[in-house]
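Undergrad: Kindly generate the corresponding structure for this input.
(one chain, ligands or ions: 2)
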Amino acid sequence: MNSEDKPQDQSRRKLLKGALSTGVLAAGAATVPNLILPALAQGETLVPFTDVPDTFNVRPVRPNSVHYLDTREITSYFTDNDDFYLVQHYGQPEIDNDSYRLRITGMVDNELEFSLQDLMDRNNFEQQVGFECGGNGRRLFQGLIGNARWRGVSLKDILEEAGIQDGAKEIVFFGTDIATETIREREVEKAFARSLSIDDAMRPENMLAFEMNGEPLPHYHGKPVRAVIPGWYGVANVKWLTQIHIQDTRYMGRFMGRDYVTLKKTNIGGVERWVENSVTTMNLKSSIIRVTELGGQYKIQGFALNDGTSLRSIEVKVDDGPWERAEINPRSTKYSWKLFSYDWKNATPGEHTIISRVTDINGNVQATLDEMPEQVSFWEDFGQFPRTITL
Ligand SMILES: Nc1nc2c(c(=O)[nH]1)N[C@H]1C(S)=C(S)[C@@H](COP(=O)(O)O)O[C@H]1N2
Ligand SMILES: [Mo]
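TA: Ligands and ions are numbered 1, 2, ... in the order given. Predicted structure coming up:
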């Protein structure tokens, strides 16, 4: 799709495509025409959770610091650019659009260099992608999360144009943000970087994005160009991207090998071992984020994220009751977040525990906290999250 397509046609086509590629959502669309936005209706109020301490306060965006959302307050399907969560490990470098260059180097037939205009003049496409930080979790009530429309160019096209040579193994994405780190008592300058295998990098949905929700990519989100790797944890989406390097060895930087590394107990061919894995695709996860009340009617709402595999269902359970199906926002597309809503009928006064779980079309069910592998790192906190509330 190129930029000459009429925006209206594009979005209609995207919507249809999205609904079809997520089977369950297409079926749901006929029955839930109203569930377009989770914004509060007039007179609707938030029911406070009893598991969120009074001291839990979301700070406004401040330069160079982490920003997370109060997930109870999510009121739009696309997260505002100004409120989309922020994580940056080495500050937020300012790049001048005119002097910006993206270089493709290493094991390629043609090393390439693009200005921002060169990239914008290429065929480009827009897609909905939601993601969370690999460090998101219960302790932040899931606040490191967002969903946006991204426009950019195909990574695959660029790699094909460069011509990856035989024997190449990894594609490394370097940001401009560089910090001094002390490693073994030596001060070294390190850029933020992440890598992908060639197969992972060649997925057609991977994009080098220069627009977010119809605006030029904002400074904090990686202006002017970032990677967007749909279905992966946020760490893969390298911001302030200036170099893509192709090499024949594994890249072992801090954010591949030391941080964003989950240490967990795994059965390795019959032996229980503690092993590390680099954070990659998003695990199958849902979470309740709010309960609303309007005229005595309660709704339980939340989100699901995963690697893009179609979903079979999202279900909600109240106390020891049965699992009941929630409605999934029919606007959802393959890689967007999936907002869900459940009408809590016959809610009784008192304390309640409410929980959600998501199941994909392959029958994989979101793990309970008991089923989660034993792990000592906080990365990949994807288990079913029980919430408590008093009506
Ligand atoms: N250059 C650069 N890119 C980066 C990071 C960073 O520190 N530097 N942080 C990563 C992490 S850990 C996450 S979760 C996402 C967050 O993207 P956002 O701030 O736009 O939400 O960016 C990723 N890309
Ligand atoms: Mo992250």
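
Undergrad: For the stretch 251-391 of the chain, which segments are assigned as helices?
TA: With DSSP state H, counting those that start in this stretch, the ranges of helices along the stretch 251-391 of the chain come out as 254-257.

Undergrad: just for it, where's the confidence low?
TA: Applying pLDDT under 70 to the stretch 251-391 of the chain picks out no residues at all.

Undergrad: List the contacts of residue 134.
TA: 233, 234, 235, 260, 279, 379, 380 (CB atoms under 8 Å, 6 or more residues apart in numbering). To be clear about C-beta, it is placed using only N, CA and C from the backbone, and glycine gets the same treatment.

Undergrad: And it, how far from residue 280?
TA: Noted for residue 134: a distance of 9 Å to residue 280, by CB to CB, to the nearest Å.

Undergrad: Could you identify the longest strand within this protein?
TA: Assignment by DSSP state E gives strand 170-183 as the longest strand of the chain.

Undergrad: Residue 175 versus the most centrally placed residue in the chain, what's the distance?
TA: The centre of the chain sits closest to residue 131, judged by CA atoms, centre = their mean, with a distance of 0.7 Å. The gap separating residue 131 from residue 175 is 17 Å, by CB to CB.

Undergrad: ok, now residue 218?
TA: Using CB to CB, residue 218 is found at 15 Å from residue 175.

Undergrad: With neighbour numbers in mind, choose between the two.
TA: The residue with more neighbours, out of residue 218 and residue 175, is residue 175; 24 against 16, by other CB atoms under 10 Å.

Undergrad: Check what pLDDT the more buried one gets.
TA: Here the pLDDT value assigned to residue 175 is 98.

Undergrad: With residue 75 instead?
TA: Here the pLDDT value assigned to residue 75 is 85.

Undergrad: And residue 43, by the same measure?
TA: For residue 43, the pLDDT comes out at 86.

Undergrad: how about it, phi and psi?
TA: phi 90, psi -10 (degrees, to the nearest 10).

Undergrad: Now it: closest residue in space that isn't a chain neighbour?
TA: Nearest residue to residue 43 in three dimensions, chain neighbours excluded: residue 294, at 5.9 Å (CB to CB, 6 or more residues apart in numbering).

Undergrad: from the protein, which residue is nearest to ligand 2?
TA: With CB to the ion, the shortest gap between the chain and ligand 2 falls at residue 133, namely 3.3 Å.

Undergrad: How about the contacts made by that residue?
TA: Residues in contact with residue 133 (CB under 8 Å, 6+ apart) are 85, 87, 144, 145, 233, 234, 235.

Undergrad: confidence score at the fifth one?
TA: The predicted structure scores residue 233 at 98 on the pLDDT scale.

Undergrad: Surely it touches residue 261?
TA: No: applying CB atoms under 8 Å, one finds residue 233 not in contact with residue 261, separated by 11.9 Å.

Undergrad: ok so, going back, any chance you could list residues touching both of residue 134 and residue 280?
TA: Shared contacts of residue 134 and residue 280, counting by CB under 8 Å, 6+ apart, come down to residue 233.

Undergrad: near ligand 1, which residues of the protein?
TA: 84-90, 133, 146, 175, 177, 192, 221, 234-235, 237-240 (CB under 6 Å from any ligand atom).

Undergrad: Now list the buried members of those.
TA: 84-88, 90, 133, 146, 175, 177, 192, 221, 234-235, 237-240 (16 or more other CB atoms under 10 Å).

Undergrad: so residue 194 touches residue 234, yeah?
TA: No: with contact defined as CB under 8 Å, residue 194 does not reach residue 234; the gap is 10.4 Å.
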